[in-house]
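Asker: A predicted structure for the sequence below; I have some questions about it.
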Amino acid sequence: MEVWIIWLIFAAALVIVELLTQWISSFCLAIGCMAAMIAELCGASVVWQLVWLAIGTVVGFVCFIPMFKHRIERKKLASDATGASNMDALVGRKARVIVDIPAEGLGRVKLDGDNWQAECAIPVASGSEVKVVGYDSIILKVIPAN
């Protein structure tokens, strides 16, 4: 088997690893393998192929790390711009009481089509609008919206 085919197989395997794991280093090593393959096709010795492997890998890191870092930061900013996620996204939202909430007891509210258990320090009648001020596990803490 030709040596350049071995370098090509290594590069392809590293690209597959990159696709499965999304490690940046495996993609940069694949670039190094491609550089070593080109060196072998140009007739370089094994030592020079290894040198080009190292050079190609370093160039891959230098070129692609800033791009991947920018992409990650952009995703983070996008998630921050849309607000909180999970239960924290419910705080500050308004809900409609569907089962009376007794003082210091549990009732039910509807928020975005979902039914939630809710508690309030004062009684709230069914049909009233409440504001979510916090949560404890999966129980929303609410106050009257008015």
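Answerer: Thanks, I have the structure now.
Asker: all contacts plus neighbour counts: C-alpha atoms, from now on.
Answerer: Will do.
Asker: chain center to the worst-scoring helix or strand of the chain on mean pLDDT, what's the gap?
Answerer: In the chain, no helix or strand scores lower on mean pLDDT, DSSP states H and E than helix 46-81, which sits at a mean of 82. Mean-position distance between helix 46-81 and its chain equals 18 Å (CA atoms, centre = their mean, to the nearest Å).
Asker: repeat for stretch 95-105
Answerer: Going by CA atoms, centre = their mean, the spacing between the C-alpha centre of stretch 95-105 and its chain's C-alpha centre is 36 Å.
Asker: buried residues of it, list them for me.
Answerer: 95-102 (16 or more other CA atoms under 10 Å).
Asker: ok, now stretch 23-41?
Answerer: Buried, per 16+ other CA under 10 Å, within stretch 23-41: 24-40.
Asker: for that stretch, what is the distance to the chain centroid?
Answerer: Taking mean C-alpha positions (CA atoms, centre = their mean), stretch 23-41 and its chain are 27 Å apart.
Asker: what sits up against that stretch?
Answerer: Residues outside stretch 23-41 that contact it (CA atoms under 8 Å, 6 or more residues apart in numbering): 3-5, 7-8, 10-12, 14-15, 17-18, 46, 48-61, 64-65, 68.
Asker: who's in contact with stretch 122-134?
Answerer: The contact list for stretch 122-134, computed with CA under 8 Å, 6+ apart, reads 90-104, 140-146.
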